[in-house]
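Peer 1: here is my input; please provide its structure:
(one chain, ligands or ions: 1)
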Amino acid sequence: MTQAVPTVDLPNGMKMPIIGIGTYRSTPAEIKLTINTALECGYRHIDTAYLYQNEREIGEVLKEWLDSGRIKREELFITTKLPIHANRAEDVARFLDKSLERLKLDYVDLYLIHNPVGVKGKDDDDFWPLDEEGNVTLDLDTDLESVYKGMEKLADSGKAKAIGISNFNSKQIERIMKVCRIKPANLQVELHAFHQQKKLRKICSKYGIPVCAYAPIGAPYKAQERKDGSPILLEHPTVTSIAKRLGKTPAQVLIRFLIQLEIVVIPKSTKPERIRQNFQVFDFKLSPEDMSALDSLDKGESGRIFIFEDVLKGISKHPEYTFHIPV
Ligand SMILES: NC(=O)c1ccc[n+]([C@@H]2O[C@H](COP(=O)([O-])OP(=O)(O)OC[C@H]3O[C@@H](n4cnc5c(N)ncnc54)[C@H](OP(=O)(O)O)[C@@H]3O)[C@@H](O)[C@H]2O)c1
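Peer 2: So this is what the prediction gives:
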């Protein structure tokens, strides 16, 4: 028997498991072991994206589990995302169909607009379009309101049980709230102890939009790749000392911190032992003192790791670039 995972209520009445497995940078070769391990230890929520290029392999594992009766579709919560080269109202339905075909599913539980910026690819596979100088080829006509209206049609069709947004700033959220017929069921943003998104969380709470934290343990690979001495959240003495005292890992402490704030978390790992450990966060509780010590690690905007310019040169020239305003 696997343990039941606590859930967060979405505005449309659905329940989203508070922990899911992240899959960004999980290669097709790695992902099958990841998903099998995650399902075996009780994860029922999987976060993927067209962009991650692993939907096909995830779909193969899901099909095995579903066909064998080891799991029922309604027990799963599958999120995928509209890629930035499809940020146009007329492309939304076609790209969800592509993801569904890859995932071998009739519907996803949550479909997110991956990022407010739109780019122009040569074709559907050109999701990372660059010009000769290595700059991303921007689509300067991105119309977020009309993309969102396209998303609403997917919710009407039942192919996406819930729809939401990712990497949107407060003004973009407010714009969607002004025009939407179906409220975003979720905002997925970078969120961890160094970057706690207190202002954005307040806005989401005002609108009743639950928040999902990406990079919940601080995406250590990003700091390692930058090689600029940026501190690694998992190694911060506040985190390691709480972990040591409680007999937990630093990752478990960081995941538990967000869960106690009722934030959905999607830590990624391809290592079976870490996948298991990251899920073992329901047998302990952080004290108010520990919660307060972790709260004080917040660096506000300077704690942000994902700025996108490092992977998509020139993205900040787009009018919808999410960090044109501080929050
Ligand atoms: N919407 C968006 O734009 C967006 C952006 C980024 C991420 N996401 C989603 O959010 C998920 C999580 O974010 P993320 O993957 O960037 O960062 P993360 O989950 O904070 O960190 C993942 C990294 O930490 C390592 N790790 C995992 N568990 C560990 C543990 N117990 N101890 C030490 N290291 C550990 C992993 O390495 P190993 O794999 O080697 O264990 C991996 O390199 C993504 O996978 C993706 O699904 C969404």
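Peer 1: could I get the contacting residues of residue 285?
Peer 2: Residue 285 makes contact with 256, 260 under the criterion C-beta atoms under 8 Å, 6 or more residues apart in numbering. Bear in mind the C-beta positions are built from the backbone N, C-alpha and C, glycine included.
Peer 1: next, it: phi, psi?
Peer 2: With angles defined as degrees, to the nearest 10, residue 285 shows backbone torsions of phi -130, psi 140.
Peer 1: and the pLDDT at it?
Peer 2: The confidence metric pLDDT takes the value 98 at residue 285.
Peer 1: could you check how far it is from residue 246?
Peer 2: Plainly put, residue 285 is 10 Å away from residue 246 if you go by C-beta to C-beta, to the nearest Å.
Peer 1: ditto for residue 67
Peer 2: According to C-beta to C-beta, residue 67 stands 41 Å off from residue 246.
Peer 1: and the two? Which one has more around it.
Peer 2: Remark: of residue 67 and residue 246, residue 246 carries more neighbours, 16 against 10, as counted by other C-beta atoms under 10 Å.
Peer 1: once you drop chain neighbours, what's closest to the more buried one?
Peer 2: residue 284 (6.1 Å; C-beta to C-beta, 6 or more residues apart in numbering).
Peer 1: residues touching that neighbour, list them.
Peer 2: Contacts for residue 284 were tallied using C-beta under 8 Å, 6+ apart; they are 246, 248, 252, 256.
Peer 1: what's around the closest residue to residue 301 other than its chain neighbours, how many residues?
Peer 2: Spatial nearest neighbour of residue 301, excluding adjacent residues (C-beta to C-beta, 6+ apart): residue 326 at 5.7 Å. Residues near residue 326, counting by other C-beta under 10 Å, number 9.
Peer 1: ok, residues contacting stretch 93-109?
Peer 2: Stretch 93-109 has contacts (C-beta under 8 Å, 6+ apart) with 14, 16, 48, 50, 55-56, 58-60, 62-63, 73, 76-80, 82-83, 86, 111, 124, 150, 153-154, 157-162.
Peer 1: same question, stretch 27-44
Peer 2: With C-beta under 8 Å, 6+ apart as the contact definition, stretch 27-44 has outside contacts at 2-3, 5, 17, 19-21, 23, 26, 46, 53-54, 56-58, 60-62, 65, 70-71, 75-77, 269-270, 272, 275-276, 279.
Peer 1: in a markdown table: the contacts of residue 284, plus pLDDT and secondary structure.
Peer 2: Listed next are the contacts of residue 284 as a markdown table, based on pLDDT from 0 to 100; DSSP: H, G, I helix; E, B strand; the rest coil:
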| residue | pLDDT | secondary structure |
| --- | --- | --- |
| 246 | 98 | helix |
| 248 | 98 | coil |
| 252 | 98 | helix |
| 256 | 98 | helix |
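Peer 1: the ligand contacts on the stretch 201-327 of the chain?
Peer 2: Remark: the part of the stretch 201-327 of the chain in contact with the ligand comprises 214-221, 234, 249, 251, 266-271, 274, 277-278, 306, using C-beta under 6 Å from any ligand atom.
Peer 1: and those, which of them are in helices?
Peer 2: Helix and strand membership here follows DSSP state H; of these, those in helices are 220, 221, 251, 274, 277, 278.
Peer 1: pull the most distant pair out of those residues.
Peer 2: Across those, the longest distance by C-beta to C-beta is 17.5 Å; it joins 221 and 277.
Peer 1: which one of these two is surrounded by more residues?
Peer 2: Comparing residue 221 with residue 277 by other C-beta under 10 Å, the one with more neighbours is residue 277, at 18 against 14.
Peer 1: quick one, grab the pLDDT at that one.
Peer 2: 98.
Peer 1: and it, how far from residue 197?
Peer 2: Shown here: residue 277 relative to residue 197, a distance of 25 Å by C-beta to C-beta.
Peer 1: residues touching the residue of the chain found nearest the ligand, list them.
Peer 2: Closest approach of the chain to the ligand (C-beta to the nearest ligand atom) occurs at residue 22, with a separation of 2.5 Å. Residue 22 makes contact with 47, 214, 266, 267, 268, 269 under the criterion C-beta under 8 Å, 6+ apart.
Peer 1: so what pLDDT did it get?
Peer 2: So residue 22 comes in at 98 (pLDDT).
Peer 1: repeat that for residue 127.
Peer 2: According to the model, residue 127 carries a pLDDT of 90.
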